[in-house]
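1. Fold the following, please.
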Amino acid sequence: MGQTFGTHPQDGVGRTNGFHDGLDFGSVDHPGRDVHAIHGGKVQDIGYIAGLENYITIVSNDYLICYQEAFLNRGDITVQVGQEIKTGDVIGHRDTSHLHIGITKQKNLMTALKSAWSNDGTWLDPLQVIRDGIGGKETNDTVGNDTTTESQEEYYFQPFMVVDQKSIDEWGEHPGPDLVDERFQDADAMRKYALTTLKPDPDLNIEVTLQGNSFIPVAGEILRVLARDKYSGSYKTVGYTIYPEAKGQDNQITLNNSKTTILDYQNQKAKRLQEALEEQRLRISGLANSMDQQSKSLTQVVNNKKETDKNMEAVDQNIYWMQNGQHNLITTMTGGTASSEKYNDSPVIEVEQGTLRSNEFNLNGVSSISSRLMAKLNATDNSISATTYVELLKSDGSSAGKSNIIYIVNNGAWQSAGTVNIKIPAGTSKGRLVFDVSGSGKAYVSRAQVNLGYKVTDWSSLK
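-> Numbers count the residues shown, from 1 in each chain. Just a heads-up that it's a prediction; the model follows:
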């Protein structure tokens, strides 16, 4: 089993006081992709928070259970909000190294997350809850049966210890729990299996504060870190805080040593492909005389004229985005009122409750977009909350889905919020940027923008 519940500072979990607020089920000790519900209830929320990644919360009369860190893609979640779930139902498919399960009696996830780094009783030990709820309180006595049966336990082989001396030399000795598996009757086979359950390198989180804000990190990017005369390694970018409009403010990056999977390589390959396509689009817009040759090349890739026309529409659409202000598609947002406040000389919209929606923009033939807006919540209390996402629509106006939901932090400061590299599903005709506000208090929005492709452009460079 992976990281257990409780305070384990010796394990280097990268949390305050070494506290881990749930239970991790790893791909080695729990193989297979299907994620099963450990308790029945109703799906309360499906969303995305950096660190939790895509997550599911299921609420019953007694608990809120959060399934997180297992779903790299939202499409791997197979249930819907409001759906009734029974114990054992498949709720998604894991495509990461582990599943983290957190259990709490607090029915509001945002409130419970305030105690994610503190063992104050908010989060419960999932292993203990599962044992008490499933096996700890059940009896199977038979009335009138007074027969006594004695049994004697015999080992297939004598117990032994398995060590990884290289790991001990580098990180010190950290004893693990006893490992018992009745599948093995041969000591050598058991030893080989035990070695696969060891974790020779600890989880390592690195917080990096950069000098200035000229370097813009990319989620999932692998960066090389060198501590001179001490340590070096390559780590994945799992989170960052940037201040694009605040000169002199240092950007911050969070890295960890999660193992790279085939999905990471696929994402990097997709990114390189997107960059190649972007370069090709720029060449098309600047070389009008080569359009005939481009048409011939496209014709070789498709099987019939209909497919050729479809691809050419996509090229025409991309050229339109670049020639007609692709960097600043969002110009208006309705649903609020103009504020007297300014953000770096830009207009500000304020809203107390409800939803701001931008003007609709055309997405025919577009493969990916990125969004960003500047937002601020008043910090007098914690009664206000806000989220932002891109809503995708079909040609008939029905929903084609939406991007990951981004939560605005209530700290009274302007902050950048949005999502990069939003994949546009087939059948999507248009979209609009949405900003939802609930609770009491005021929210402020400025500089809303949507960009073509996998990154956003600095406001000062917009058309």
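2. And residue 25, how far from residue 412?
-> 39 Å (CB to CB, to the nearest Å). (Glycine included, C-beta is placed from N, CA and C.)
3. More neighbours: those two, which one.
-> residue 25 (20 against 10; other CB atoms under 10 Å).
4. what is the more buried one paired to in the beta sheet?
-> With DSSP bridges as the criterion, residue 25 is bridged to residue 99.
5. thought it was touching residue 99?
-> Yes - between residue 25 and residue 99 a contact is recorded at 4.6 Å, counting by CB atoms under 8 Å.
6. give me the number of residues near residue 243?
-> The burial count for residue 243: 17, using other CB under 10 Å.
7. So for it, what's the nearest residue that isn't a sequence neighbour?
-> residue 249 (3.8 Å; CB to CB, 6 or more residues apart in numbering).
8. since we're on the one you found, how many residues are nearby?
-> Neighbours of residue 249 (other CB under 10 Å): 13.
9. And for residue 427?
-> For residue 427, using other CB under 10 Å, the count is 12.
10. From residue 123, how far off is residue 19?
-> 9 Å.
11. neighbour-wise, which of these two wins?
-> residue 123 (24 against 19).
12. Who are the contact partners of that one?
-> 5, 21, 22, 102, 103, 104, 112, 115, 116 (CB atoms under 8 Å, 6 or more residues apart in numbering).
13. Pretty sure residue 117 sits against residue 7.
-> No - under the criterion of CB under 8 Å, residue 117 makes no contact with residue 7, lying 10.4 Å away.
14. Pop out the phi and psi values for residue 449.
-> When read as degrees, to the nearest 10, the backbone of residue 449 gives phi -150, psi 150.
15. Where does pLDDT dip in the chain?
-> 1-2, 8-18, 27-28, 133-155, 229-231, 257-268, 287-331, 379-381, 461-463 (pLDDT under 70).
16. Point to the residue nearest the middle of it.
-> For the chain, residue 53 is the residue whose C-alpha lies nearest the centre (CA atoms, centre = their mean; 2.3 Å).
17. check contacts around it.
-> 68, 69, 70, 71, 72, 96.
18. Report whether the last one is found in a strand, as I expect.
-> Think residue 96. No - using DSSP: H, G, I helix; E, B strand; the rest coil, the secondary structure at residue 96 is coil, not a strand.
19. Tell me where this structure has helices.
-> Along the chain, counting by DSSP state H, helices occupy 109-113, 126-130, 165-171, 187-197, 262-286, 291-301, 305-323.
20. And the fourth one, how far out from the chain middle?
-> The one in question is helix 187-197. Relative to the mean C-alpha coordinate of its chain, helix 187-197 is positioned 33 Å out (CA atoms, centre = their mean, to the nearest Å).
21. Got the domain ranges for this structure?
-> For the chain, automatic domain parsing gives the domain ranges 6-133, 165-197, 205-256, 262-324, 328-461.
22. So for the second one, first residue to last residue, what's the gap.
-> From the first residue to the last, domain 165-197 extends over 15 Å; the measure is CA to CA, to the nearest Å.
23. Going by neighbour count, list what's buried in that domain.
-> Buried residues in domain 165-197, counted by 16 or more other CB atoms under 10 Å: 167, 184, 190, 194.
24. now the first one, nearest residue through space, not along the chain?
-> Closest residue in space to residue 167, ignoring its immediate chain neighbours: residue 200 at 3.8 Å, by CB to CB, 6+ apart.
25. which residues touch that neighbour?
-> 164, 166, 167, 171.
26. let's see 7 Å
-> Counting by CB atoms under 7 Å, 6 or more residues apart in numbering, residue 200 touches 164, 166, 167.
27. Looking at the contacts of residue 123, which are in strands?
-> With strands defined by DSSP state E, the entries of the contacts of residue 123 inside them are 102, 103, 104.
28. Number of residues surrounding the first one?
-> The reference is to residue 102. 26.
29. Find the residue closest to it in space, skipping its chain neighbours.
-> The shortest distance from residue 102 to any non-neighbouring residue, by CB to CB, 6+ apart, is to residue 22 (3.7 Å).
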